[in-house]
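Colleague: Provided below are the primary sequence and the corresponding predicted coordinates.
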Amino acid sequence: MVGLLINTVPMRVNVGSDACVADLLNELRDSRSRTFEHEYLGLNDIHRVAGQPKLFDTVFVFENYPTDTSLLSGADGLSVTAVDSRDFYHYPLTVQAVPGTELDLRIQYRTDVFDDNSIARLAAELDRALVTMVTDPSHPLTAEDNRPRPLIAAYERSDYAAPSSDVEHTLCGIYSQILEADRVGVDDSFFDLGGDSLSAMRAVAAINAALGARVTLSSFLAAPTVRELSRGVAC
């Protein structure tokens, strides 16, 4: 039988505020067990039934097919000496985990959404998370030391500039909420405060919803401070 024989099924996981890494893994296992008999349903059908305009924009793939070439040799002398694969996804971000003698993580991303620095930062965060998961499975998922920290604390800056217009107040509030910063000035760059491409997408959506604007991700990247961005925001 020759075929792709795979399906993409989104799974919702509820994690309590006091959950640890082991709790998360157990919940993932149990959730998959509960939905296993329904995995024949195609993603398009799931999307239609869910009634949501978008189900997800990030895919994490665990490749579990055998890649040990010693297991692929036949009795007739025919043997497979090497296996390589390359997948292509249309989602903004895809992370593939490929098993082997060492865990191989492959990251695919759209260059109109992410830049190389953002992906390098993501890879470092993945590395830190995986090390923590292995060394301390009882580590709380919401521990204070596990939360993202701004690269520059606005309240430590001496050149803080307060917002002066309604638009600037709204933008500063959105920056502060998404980045969990105590105070954001109009000259503070979203990315200097710890923002990345993923949080930038959230910020763009929040700004457009709050101000009825039409800010795009590219225009946000070009004008990352509140002062710069407010000049091009049409309410």
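Modeller: Arrived safely.

Colleague: Pull out the C-alpha coordinates of the lengthiest helix in the chain and format them as PDB.
Modeller: Using DSSP state H to define each element, the chain has its longest helix at helix 116-135. The C-alpha coordinates for helix 116-135 follow below in PDB (Å, rounded to 0.1, in the frame of the first residue of the first chain):
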ATOM      1  CA  ASP A 116      16.300  35.000  11.300                       C
ATOM      2  CA  ASN A 117      16.800  36.600  14.700                       C
ATOM      3  CA  SER A 118      13.300  35.600  15.800                       C
ATOM      4  CA  ILE A 119      13.800  32.000  14.800                       C
ATOM      5  CA  ALA A 120      17.200  31.900  16.600                       C
ATOM      6  CA  ARG A 121      15.500  33.200  19.700                       C
ATOM      7  CA  LEU A 122      12.700  30.600  19.300                       C
ATOM      8  CA  ALA A 123      15.300  27.800  19.000                       C
ATOM      9  CA  ALA A 124      17.000  28.900  22.200                       C
ATOM     10  CA  GLU A 125      13.700  29.000  24.000                       C
ATOM     11  CA  LEU A 126      12.900  25.500  22.800                       C
ATOM     12  CA  ASP A 127      16.300  24.200  23.900                       C
ATOM     13  CA  ARG A 128      15.700  25.700  27.400                       C
ATOM     14  CA  ALA A 129      12.200  24.300  27.700                       C
ATOM     15  CA  LEU A 130      13.300  20.800  26.600                       C
ATOM     16  CA  VAL A 131      16.200  20.700  29.100                       C
ATOM     17  CA  THR A 132      13.900  21.800  31.900                       C
ATOM     18  CA  MET A 133      11.300  19.200  31.000                       C
ATOM     19  CA  VAL A 134      13.900  16.400  31.100                       C
ATOM     20  CA  THR A 135      15.700  17.500  34.200                       C
END
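
Colleague: which residue ranges form the helices in this protein?
Modeller: Per DSSP H, the chain carries helices over the ranges 21-35, 43-50, 116-135, 166-179, 197-211, 217-222, 226-232.

Colleague: low-scoring pLDDT stretches of this structure, where are they?
Modeller: 1, 3-4, 65-71, 74-75, 142-159, 234-235 (pLDDT under 70).

Colleague: In the protein, which residue sits furthest out from the middle?
Modeller: residue 76 (46.7 Å; CA atoms, centre = their mean).

Colleague: can you count the residues close to residue 140?
Modeller: The local packing of residue 140 (other CB atoms under 10 Å) involves 15 other residues. In short, each C-beta sits where N, CA and C put it, glycine included.

Colleague: again, but for residue 39
Modeller: Neighbour tally, residue 39, other CB under 10 Å: 13.

Colleague: what's the answer for residue 95, then?
Modeller: Neighbours of residue 95 using other CB under 10 Å come to 17.
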